[in-house]
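> I would like the atomic coordinates for the input below:
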Amino acid sequence: MNKKHSNIETRFARYFILLSLFFVFGCSNTKYLPEGELLYTGGSVTVKDSIIKKKDRKALENELEALLRPKPNKQILGLKPKLWIYNIAGEPKKQKGIRYWLRTKVGEPPVLFSKVDLDYNASVLRNFTENRGYFKTRVSADSTVSNKRATAEYTVVPKKQYIIKSVTFPDDSLKMSKIIARSSRRSLLKVGKPYDLDLVKAERERIDARLKEKGYYYFNPDYILAKVDSSKGDHEVKIRLVIKDEAPAKALTAYKIGNIFVYPNYSFSNDSAVYRKKDIQQYKDFTIIDTGYTFKPRVYDRTIYFKKGDLYNRKDHNLTLNRFVNLGTFNFVKNEFKESDSIPNTLDSYYYLTLLPKKFIRFEVVGKTNSASYTGTEVNVNWNNRNLFHGAELFTVSVFGGADFQLGGANKGKNIYKLGAETSLTWPRFITPFHIEGNSEFVPKTKATLRYEYQKRTQLYALNSFTTSFGYLWKENIRKEHQLNVIDITYVSPNHVTPEYLADIEQDASLGKVIEKQLIFGPTYNYTYTNTMQKRKKNTFYFNGEIDLAGNITGLVTGANIKKNDTIKIFDVPFSQYVKLKTDFRHYLKLGKESQLASRLILGVGYAYGNSNSLPTSKQFVVGGTNSIRAFRARSLGPGSYQATETTSDYVPDQSADLKLEFNTEYRAKLFSIVRGALFIDAGNIWLLNADPSRPGAEISKDFMKQIAVGAGAGLRFDLSFLVLRTDLAFPLRIPYLPEGQRWVIDDINFGSGPWRKDNLILNIAIGYPF
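Okay, here's the model as predicted:
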């Protein structure tokens, strides 16, 4: 009874403290106001109209409220902490120190009601509503005062919205009028749709963009006049688009491209330099002015889309600029068009290009803490040459090394060290036996890579890994990207395997997979689609699909069949033969200005056949860890309902399999300043396609959904603009390796229990978002 009474007192004390905080943050802010002033806490807009649908009326109210000025002080859960910090900091005596920092950088001054102009806001609301076609709108404004706080209330009474009855395009004798008329089917102004001034402006922009594709370089949207007639009909308007009489003659003239001048080594600090005759080179349609042989002339031929005599068009204009930027060799790209002195209706084009440093070194140090209780660091040194063969090729040589230390637990002292080097050469074009013409603003690339890595696991084994690849990277547009590796070869060879590890393999055969020799070769293809850069969209998506084909043709030609003990070896190593597919689909739902719901679905399958009975360890699927199911440590989950035995507990969990299913969803919201919060749920598992006697319960079956692991948690993300530091605290809700009927562990959650926290809470620290 006393214990129950004590719990009630504790709970009452928490509520009292919470209410006190509300009182302190809320009431104390008004006592700092100047005499006679009121704290402005915001405005509201009510649209009174019986015709507008409730949903549309609410949307209009939200749009109108966003126009009100000034904005009230920012608040969180009804509190105004930034205003409170501003007030308690007081007036600083000097422009430095903690008081000055709190008041000017962290705090926020009060928004006073005296700064609110009700009449001005009312006129803004009226203009906005009428621009939407609600002509003769009435707007009234009022205010409410209580306890030194004031709010503003606006009532908008719109008339019936006007509808577009007809749209007429220029019908004069100008050539451009015919171009506009031919594009009328793409018009944004549709008969029967509501009148909207923003839509009229967008239509002028559309017409201007169309004319820019037809040579009208000097035209602009302001030369189009929209005449709106609302005098006839029942709430209908007639829109007539005409070319203004005052439009200058050159705006009505289509221009062609004349001479093309390129300055590939231009200096804005020396723009009056005098060039010698040997500095000027003529190549096809281009005049190249260069004091040194910076690039081979064909670089410009592949990058500049204009040819002499072409009709000017904005698409080729922008494509050229973007391709120069995407070459990665220029710090600044400037383009000018000047009217030709000798040929009428002709534009000479000038490209001024300032170079980035040709050679540079980048040094990186990365600290690591992972969910397998390893702490370590990695050092990378990269040397780069941006123009190796005068064709804008990027040559990179990297040397790296790192160490992961196990500071406690059964693996203490079994540290991991790695050392390696990588070199790559990237050409800004397709290198193929046949010509491929790119028409994207992004430069296609051909890349060759060679990499070696030595990894030492103290007291256990070491691995030598060699990788080489040759392939292509290209973008159709900003949303679609492709990567095709025609050749992708990996060779892994173990050495220095200790007797201790060999003895453990006798107890657990799965440990031997890690030190098997591997030879993997074949093509890989990767496709990515995303529109997440469109920040205003409510729904955005990301999709990545991968296909990995290893040893398929070789296996077919040689007739390799491991099931018949007919294994084919190359350099005394059986080559891997498999097909592997993986998809990663993400959806981002924008809930508010600073909040969203992010979800991800991963599906993966790998099928080994012919010369192999299982996927190579490095190609198998894993789950758990900072970017996966965060309530379980990396690689510790699955396959299926299998749980590692006591024999393997001396090693870091390393479970992998042929199938993967994973789903994640998290709510993200800004809390304050650089701090963002998240609530998340993760679910999924991995499975084997074929039974493994050493891992019972690992094979996929019709009851696979009963083996789904589920975890949940919360996190804080610190957005430092140049990186995001993420901390996620997670715990399991469903554990698949427990007996059936006991796998849901929600009832066991007890944050007040030390043993429960030790066994279940997983802290994930990482850089960047999980997806």
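> hmm, who's touching stretch 266-282?
Applying CB atoms under 8 Å, 6 or more residues apart in numbering, the contact partners of stretch 266-282 are 287-291, 297, 332, 334, 352-354. No exception for glycine: its C-beta is placed from N, CA and C like everyone else's.
> For these, give me JSON lines that also has pLDDT.
Below are the contacts of stretch 266-282 laid out as JSON lines (pLDDT from 0 to 100):
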{"residue": "287", "pLDDT": "95"}
{"residue": "288", "pLDDT": "95"}
{"residue": "289", "pLDDT": "94"}
{"residue": "290", "pLDDT": "92"}
{"residue": "291", "pLDDT": "86"}
{"residue": "297", "pLDDT": "94"}
{"residue": "332", "pLDDT": "95"}
{"residue": "334", "pLDDT": "95"}
{"residue": "352", "pLDDT": "95"}
{"residue": "353", "pLDDT": "96"}
{"residue": "354", "pLDDT": "95"}
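> Sort out which of those residues are buried, if you could.
288-290, 297, 352-354 (16 or more other CB atoms under 10 Å).
> Mind checking which of these land in strands?
Under the assignment DSSP state E, the buried ones among the contacts of stretch 266-282 contribute 288-289, 352-354 to strands.
> picking that back up, which members of the contacts of stretch 266-282 are the farthest-apart pair?
Pairwise distances across the contacts of stretch 266-282 (CB to CB) peak at 21.2 Å, for the pair 297 and 332.
> any chance you could map the helices in the stretch 251-400 of the chain?
298-303, 314-326 (DSSP state H, counting those that start in this stretch).
> Could you dump those helices into a markdown table with mean pLDDT, mean neighbour count and distance to residue 366 added?
Converted to a markdown table, the helices of the stretch 251-400 of the chain look like this (pLDDT from 0 to 100; neighbours: other CB atoms under 10 Å; distance: least, CB to CB, whole Å):
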| stretch | mean pLDDT | mean neighbour count | distance to residue 366 |
| --- | --- | --- | --- |
| helix 298-303 | 94 | 18 | 35 |
| helix 314-326 | 94 | 18 | 27 |
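> Of all these, which one is nearest residue 113?
Across the helices of the stretch 251-400 of the chain, closest to residue 113 is helix 314-326 (CB to CB), at 48.3 Å.
> how about the helices in this structure?
All helices of the chain, identified by DSSP state H, fall at 2-27, 54-65, 81-89, 98-101, 118-131, 175-182, 197-212, 298-303, 314-326, 499-507, 552-558, 754-760.
> for the third one, packing partners?
The one in question is helix 81-89. Judged by 3 or more CB pairs under 8 Å, 6 or more residues apart in numbering; DSSP states H and E, helix 81-89 is in contact with helix 2-27.
> ok, of the ones in strands among the buried ones among the contacts of stretch 266-282, which one's closest to residue 691?
Residue 691 lies nearest to residue 353 out of those, by CB to CB, at 62.5 Å.
> what sits against that closest one?
Residue 353 neighbours (CB under 8 Å, 6+ apart): 262-266, 324, 330, 332-334.
> where in the chain is pLDDT low?
Scanning the chain for pLDDT under 70 picks out 1-28, 271-273, 367-375, 406-413, 645-653.
> Quick check, central residue of it?
Note on the chain: the residue nearest the mean C-alpha position is residue 532, at 5.9 Å, using CA atoms, centre = their mean.
> ok, it - contacts?
Applying CB under 8 Å, 6+ apart, we find residue 532 in contact with 540-542, 588.
> Taking the residues you listed, please make a ChimeraX selection of just the buried ones.
Entered in ChimeraX, the line below selects the buried ones among the contacts of residue 532, by 16+ other CB under 10 Å:
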select :540,542,588
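> Could you export the contacts of residue 532 to JSON lines, including columns for distance to residue 342?
Formatted as JSON lines, these follow (distance: CB to CB, whole Å):
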{"residue": "540", "distance to residue 342": "51"}
{"residue": "541", "distance to residue 342": "52"}
{"residue": "542", "distance to residue 342": "52"}
{"residue": "588", "distance to residue 342": "55"}
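> Looking at the contacts of residue 532, spot the one nearest residue 258.
For the contacts of residue 532, the nearest to residue 258 is residue 540 (42.9 Å; CB to CB).
> right, and the closest one touches residue 588 too?
Yes. At 4.7 Å, residue 540 counts as touching residue 588 under the criterion of CB atoms under 8 Å.
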